[in-house]
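Student: Need coordinates for the following:
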Amino acid sequence: MPAEFDFLKETSSITNAEWAALVDRESGRWQLRAAHQLNKPLRESLLERLSRPAVDSWLCGAVNAGRPKSRPASEIQLLEKTTLFVYPIPNTFSVIIVAARKMDARFQSVWKLASSMCVRAESEGGVSLLQSELLLPNLQTESPYDQTRLLSRVLRSFVARARAQGGWLAIRRADMLDVAAQWNSPSSAGLSMSIGEDTLWRRVNKNLKPLRLDADSPDWNRVPREETRGAKAWACFPLLIGQRMIGAVTLWRQKPFDDELALALDNLSAQVAPVIEIVITFASMSDHLRRLAVLNDFALTVASAQNLDQIARRVFALMARVFSAERIALHLLSVDGSLLREYFNREGKIVPTNMELKGHSLAPLLKNGKTLRLADVTSAGFPSAQPDSASALFIPLKYRARIIGALVLESARADAFSIHDERLLTVIASHLAGLVEYSRLREEAEGRARNLGLIHEVVQEVVGLTDKREIAQITADLLTQYFAYELATVLLLDEKQTPAIRGFGGKSASSAERAYAKNERSLLDGVPGRVLLTGKSALVNDASAHTDGRLASLGAAGSLMSVALRDGGQTLGLVTVERRDKNAFTQNDLLDLESLAGILASVVSSADQYQRLQESIRQLRAAQEELKSRIEAQRSAESRLIQAAKLAAVGEMAAGVAHELNNPLTTVTGFAELTLEDLPADSDLRSDLEMVLHESRRARDVVRRLLDFARQTESTRARADLNEVIEDVIELTRHLLKTSGVQLIENLTDELPWVSIDANQMKQVFLNLFHNALQAMPAGGTLKIHTRKAIDGGREWVIASVRDSGEGILPEHRERVFEPFFTTKSDQGGTGLGLSVTYGIVTDHGGRIEVASQPGDGSIFTVWLPL
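Tutor: Numbers count the residues shown, from 1 in each chain. Below you'll find the model as predicted:
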C-alpha cells in the first residue's frame with residue numbers, strides 16, 4: 001500500500017476496525033484504490049457487491065449528501081457479523097469503507113477526521129486542467145482514448161459543480177441519444193433515447209439552450225420517474241459544436257438550478273464540448289482501427305476453419321483475446337429451427353451440446369432478434385449460462401435477415417461491456433453468421449452425402465435377399481455398424497398386420513431381445529406404435545420428456561427416430577433407431593432414414609412376392625408329386641390287374657393241361673411200376689424203366705403243382721403272429737439250409753403286431769422265397785430274415801424281408817420275376833411258378849411284394865402286409 005494511504009492502517013488500529021478500503025468511482029464503476037487487512041476472498045466479495053446497482057446508489061447517495069452512512073454487512077459473505085461504515089471524502093467521488101463489529105461515536109469521529117484530511121486537490125474552476133486530462137492519451141492501455149472513462153470524468157465535473165443527486169451524459173448518434181456515462185442512475189446505463197419521439201429532447205435539440213425544470217413545472221411529469229425520485233430540480237445542458245448538438249448532460253438535485261449555477265454549467269458544457277468531440281473522434285478512429293484489426297484477425301483465423309467445431313474454438317480464442325472474456329457461448333439453430341447447438345467455454349474447454357429450442361430459455365430472445373447489452377442480468381431477467389454472471393452482451397447472428405443463432409459474452413462484473421464492445425461484437429457477429437451458415441450448409445451436405453453413401457452400402461447388402469428374417473437382421477446390424485446407433489430395430493408385419501419378423505442390432509440388442517421375449521407388445525408401444533398406426537415418421541430428441549418416447553424397456557433412448565416401411569398404401573413394418581444422448585438427430589437424419597425405408601420397403605415387397613412365388617411353386621410341386629404318386633399307384637394297380645389276369649389265364653390253362661396230362665401220366669407211372677416189379681433185378685431194362693418212372697413222377701409233380709396253382713381254394717384267414725409262421729418255415733428248411741452251406745441270420749422284432757392272414761398260404765410264400773434264395777446261392781452264403789413294423793402312405797404295415805447273398809438278378813429280368821413260368825433255372829428243374837404263386841397270395845392279402853437286386857450283390861424280397 002502506498003505511503004499516502006498509511007492512514008488506513010493507523011486509523012484501523014486505533015478504532016479496532018477489521019478492515020478498511022478507499023474506493024473511487026471511475027468510468028461508471030467503483031474502483032478499489034487502497035485497502036488494509038482486506039484479503040483476497042474479502043476483496044472479491046466486496047468488488048462483486050460494489051458492482052451492484054443498489055450498492056452503487058447507496059455510495060453515490062453518501063457522496064452527494066457529504067455525510068457518513070452505515071448498514072449491516074450480513075448480505076456480504078464472510079462479513080455476516082459486521083457493519084459497514086462509509087465516509088465520503090469531501091469534493092471528490094471517493095469514499096472510505098470501514099468494516100467493524102462495533103464502533104462507537106468516538107471512533108466514528110476519528111474516521112470522519114481521517115476522510116477530511118485526505119482531500120485531493122481538485123479545482124472546480126480548473127476547466128483547462130480538465131481539458132488537458134481529456135486530451136492526454138493513456139499510452140499504458142490498449143485504447144489510448146477510453147471514451148467511457150473520459151466521459152465519466154466530464155460527468156463527475158458537472159456533478160461536483162452542481163452538487164447533483166444524479167445525472168448522465170449522452171452522446172448523439174443520428175437521431176438518438178446514447179447514455180455513455182451515469183452517476184447514481186443505474187437504469188440509464190446503456191440507454192438509447194429518440195430525440196424526435198421525446199418532447200424534452202426535441203425542445204433542447206430545437207432551441208439548443210439549457211432546459212431547467214422543477215417540481216412545479218408543467219413538464220415535470222415528462223422527466224423519467226427515477227430521475228425525479230427524491231429530487232426537486234432537473235436540468236439538461238446540450239453539448240454544442242456551433243449549431244449542432246453532439247450530446248447532452250442531464251442533472252437532478254434537491255435544490256433548484258439558479259441562474260448563476262445554470263450559467264456556470266452552460267459555460268462548462270461549452271468548454272468541454274469541443275474536447276468531447278475530439279475524444280469521440282479519436283475514440284471512433286481507435287475503435288475503427290481496432291475493429292479492422294479484429295476483423296483481420298477474424299479473417300486470418302476463424303474464416304479458415306473447416307467445420308463448426310473449429311469455428312467455435314477459434315471464435316472463443318478471439319473473444320478471449322479481444323474482450324478478455326472467459327464466459328463465452330455460441331448458439332446455432334438447426335436448419336429447421338427445432339434444435340439449438342450450443343458451445344460453451346468451461347474450464348478452458350469447448351463443450352458442445354444439442355438442445356431442443358422449444359422450451360429453451362433463449363428461445364424468446366432468438367425469436368426477438370434484438371441486441372442486448374445488460375449491465376445487470378439479474379434485474380433484466382437474462383438467462384445467463386453461469387449463475388454468478390452479473391452482466392452480459394447478447395448479439396444475434398443474422399444471415400439474410402434470418403436469425404441463425406447468437407453470440408453471448410458474460411462477465412462476473414456488473415456493467416462489464418461498453419457500447420464499443422457491443423458495436424465491435426455486432427460487426428464480428430455479422431461476418432460470423434455468413435461463415436457459420438456456409439460451414440453448416442457444407443457440413444450438412446457432406447453429412448447427407450456420407451449418410452446416403454452408407455445407406456447405399458446397406459441397400460447393396462440387402463438387395464436381392466429373399467429371406468425377410470435375413471433382411472431384417474442384416475439391416476439392423478449394418479445400421480448400428482455404419483451410423484453408431486445404440487439400438488436399431490427392424491420390424492416386419494405379416495398379412496394380419498401383426499409383428500412377425502424382427503431384427504435387433506447394436507450394443508443394446510441383447511437387452512432388447514430379452515425385453516421383447518417378456519412382452520411381445522413392447523415393439524408396438526409408444527412412438528413406434530403410433531408410426532405403425534399412422535404411417536407418419538417420428539423424431540424425438542428427448543425421450544424422457546415424452547411419455548411414449550421410449551420403446552417400453554427395449555432401450556435406454558435419449559433420442560430416437562422411427563420410420564414406417566410402406567408399399568403404396570400398405571404398411572410392411574418399421575425401422576426404429578435409438579441413441580442414448582439427447583438431441584442426437586436432425587431433420588436431415590430423419591430424411592436419410594426415410595430414404596433407406598423407401599428402398600427397404602421395395603426389398604421387403606420383392607421378398608414377399610418371391611416367397612409367394614416359392615409357395616406357389618412348392619404347392620405345384622406337391623400337386624405334381626401327388627399326381628405322379630397317383631399315376632404310379634394306378635400303374636401299379638393296372639400292373640397287378642394284368643398280373644392277376646395273367647395268373648387267371650395261366651390257371652385256367654394249367655387246369656386244362658393238368659387234366660389232359662394227369663391221366664396219361666398216371667397210366668405211364670402205373671405200368672412202369674408194374675413192369676419194374678416183374679423184371680429181374682439184373683435186367684438190362686431196369687435202369688431204363690427206372691428213368692421212365694422217375695421222369696413220369698416228376699411230370700406228375702409238375703401237374704400237381706399246376707393244379708395247386710390253378711385250384712381256387714377258399715382262404716381261411718385269422719389274426720396270427722407272422723414271426724411264428726416264419727419260425728415254422730425255418731424249422732421245415734433248417735436241414736436243407738444246413739446241407740446247402742447257408743447261414744441263417746434271424747432278426748424278428750419282438751411284440752410284432754398280429755396280422756390277418758391265411759397261415760398256410762403265408763408258409764407257402766416264405767417257403768417259395770427260401771427256396772428261391774437257396775437256388776441263388778449254389779455254393780452257400782448268408783440268408784437274412786427280418787421283420788418290423790412300418791408306416792407308409794399314412795397306414796401301418798408289418799414288413800418281412802428275405803435277403804440272400806447270391807448272384808443277384810439282372811436288370812432286364814427284375815421286371816419279370818413275378819410272371820408265371822418265367823425262370824432262369826429251367827436247367828435245374830425250375831417251373832417259374834413259385835414267385836408267381838407268392839405274388840398272388842400276398843396281393844390277395846391286400847399287401848405287396850417288392851424286389852431289390854443288383855448282379856453279384858444278392859437280392860432282397862420285402863413282403864408288406866397291412867394291419
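
Student: hang on, isn't Leu340 packed against Glu356?
Tutor: Yes: assessed by C-beta atoms under 8 Å, Leu340 is found in contact with Glu356 at 7.4 Å. No exception for glycine: its C-beta is placed from N, CA and C like everyone else's.

Student: With neighbour numbers in mind, choose between those two.
Tutor: Set Leu340 next to Glu356 and count neighbours by other C-beta atoms under 10 Å: Leu340 wins out with 22 against 17.

Student: Now do whichever strand or helix holds the more buried one: everything it contacts.
Tutor: Using DSSP states H and E, Leu340 sits in strand 339-346. Residues outside strand 339-346 that contact it (C-beta atoms under 8 Å, 6 or more residues apart in numbering) are 308, 312, 316, 320, 326-334, 350-357, 360, 362, 366, 385, 405, 541, 583, 586.

Student: switch the cut-off to 7 Å
Tutor: If you take C-beta atoms under 7 Å, 6 or more residues apart in numbering as the criterion, strand 339-346 is touched by 312, 316, 326-334, 350-357, 360, 385, 541, 583, 586.

Student: which of the residues you listed count as buried?
Tutor: When the contacts of strand 339-346 are checked for burial by 16 or more other C-beta atoms under 10 Å, the buried set is 312, 316, 326-334, 350, 354-357, 360, 385, 541, 583, 586.

Student: Which members of the contacts of strand 339-346 are positioned in strands?
Tutor: The strands, defined by DSSP state E, take in 327-333, 350-356 from the contacts of strand 339-346.

Student: Closest to Ser853 out of these?
Tutor: Nearest to Ser853 among the ones in strands among the contacts of strand 339-346: Asn354, at 81.6 Å, using C-beta to C-beta.

Student: In contact with that closest one, which residues?
Tutor: With contacts defined as C-beta under 7 Å, 6+ apart, Asn354 is in contact with Leu339, Arg341, Lys582, Asn583, Ala584.

Student: Can you read off the backbone torsions of the nearest residue to it once chain neighbours are set aside?
Tutor: Counting by C-beta to C-beta, 6 or more residues apart in numbering, Asn354 lies nearest to Asn583, which is 3.1 Å off, once chain neighbours are set aside. Recorded main-chain torsions at Asn583 are phi 50, psi 40, according to degrees, to the nearest 10.

Student: On the three-state scheme, the residue positioned nearest the centre of the chain is what?
Tutor: For the chain, Glu578 is the residue whose C-alpha lies nearest the centre (C-alpha atoms, centre = their mean; 2.5 Å). Judged by DSSP: H, G, I helix; E, B strand; the rest coil, the three-state class of Glu578 is strand.

Student: That one and Ala484, how far apart?
Tutor: According to C-beta to C-beta, to the nearest Å, Glu578 and Ala484 sit 11 Å apart.

Student: cool, Cys236 as well?
Tutor: Distance of Cys236 to Ala484, computed by C-beta to C-beta: 65 Å.

Student: who has more neighbours, the two?
Tutor: A count of neighbours by other C-beta under 10 Å puts Cys236 above the other of Cys236 and Ala484, at 21 against 11.

Student: wait, what's in contact with the more buried one?
Tutor: Leu200, Val204, Pro210, Leu211, Ala248, Thr250 are the contacts of Cys236 under C-beta under 7 Å, 6+ apart.

Student: make it 8 Å
Tutor: Here Cys236 is in contact with Leu200, Trp201, Val204, Pro210, Leu211, Ala248, Val249, Thr250 (C-beta under 8 Å, 6+ apart).

Student: Regarding this structure, what is its longest helix?
Tutor: Secondary structure of the chain per DSSP state H: the longest helix is helix 587-678.

Student: Thr82 reaches Met103, doesn't it?
Tutor: No: with contacts counted by C-beta under 8 Å, Thr82 stays clear of Met103, the gap being 9.9 Å.

Student: domain parsing for the protein?
Tutor: Using automatic domain parsing, the domain ranges for the chain come out as 3-117, 134-286, 305-446, 458-607, 713-866.

Student: Now do whichever strand or helix holds Glu695 and helix 587-678, the angle between them.
Tutor: Secondary structure assignment for Glu695, by DSSP H and E: helix 686-710. Put simply, helix 686-710 runs at 140 degrees to helix 587-678, going by axes from the mean of the first three to the mean of the last three C-alpha atoms, to 10 degrees.

Student: Check which helices and strands the helix or strand hosting Met285 is in contact with.
Tutor: Using DSSP H and E, Met285 sits in helix 259-301. Packed against helix 259-301 by the contact rule (3 or more C-beta pairs under 8 Å, 6 or more residues apart in numbering; DSSP states H and E) you find helix 127-135, helix 147-162, strand 233-241, strand 244-253, helix 308-323, helix 419-462.

Student: could I get those as JSON lines with distance to Ile791?
Tutor: Output for the helices and strands packed on helix 259-301, formatted as JSON lines (distance: least, C-beta to C-beta, whole Å):
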{"stretch": "helix 127-135", "distance to Ile791": "118"}
{"stretch": "helix 147-162", "distance to Ile791": "106"}
{"stretch": "strand 233-241", "distance to Ile791": "117"}
{"stretch": "strand 244-253", "distance to Ile791": "113"}
{"stretch": "helix 308-323", "distance to Ile791": "74"}
{"stretch": "helix 419-462", "distance to Ile791": "43"}
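
Student: and these, which one's lowest on average pLDDT?
Tutor: Lowest mean pLDDT within those: helix 127-135, a mean of 49.

Student: Pairing partners for the longest strand seen in the chain, with directions?
Tutor: The longest strand of the chain (DSSP E) is strand 781-792. Strand 781-792 has its sheet partners listed here by DSSP bridges as strand 742-748 (parallel), strand 795-804 (antiparallel).

Student: quick one: buried residues of the helix or strand following the shortest one?
Tutor: Scanning forward in sequence from strand 742-748 by DSSP H and E, the next helix or strand is strand 755-757. Neighbour counts using 16+ other C-beta under 10 Å place Val755, Ile757 of strand 755-757 among the buried residues.

Student: quick revisit: pull up the pairing partners for the strand holding Leu340, direction included.
Tutor: Taking DSSP bridges as the criterion, strand 339-346 sits next to strand 327-333 (antiparallel), strand 349-356 (antiparallel) in its sheet.

Student: Export these as JSON lines, with columns for mean pLDDT and distance to Asn184.
Tutor: Formatted as JSON lines, the strands paired with strand 339-346 follow (pLDDT from 0 to 100; distance: least, C-beta to C-beta, whole Å):
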{"stretch": "strand 327-333", "mean pLDDT": "90", "distance to Asn184": "28"}
{"stretch": "strand 349-356", "mean pLDDT": "82", "distance to Asn184": "40"}
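
Student: Out of the ones you listed, the one nearest Val798 is which?
Tutor: Proximity to Val798 (C-beta to C-beta) singles out strand 349-356 among the strands paired with strand 339-346, at 78.3 Å.

Student: Any buried residues in the very next helix or strand once past the closest one, and which?
Tutor: As assigned by DSSP H and E, the chain's next helix or strand after strand 349-356 is helix 363-368. The neighbour-count check on helix 363-368 (16+ other C-beta under 10 Å) flags Leu365, Leu366 as buried.

Student: Show me what helix 363-368 is packed up against.
Tutor: Counting by 3+ C-beta pairs under 8 Å, 6+ apart, helix 363-368 packs on strand 391-399, strand 402-411.

Student: next one: the shortest one to chain centre, how far?
Tutor: What it means is strand 391-399. Chain-centre distance of strand 391-399: 33 Å, with C-alpha atoms, centre = their mean, to the nearest Å.
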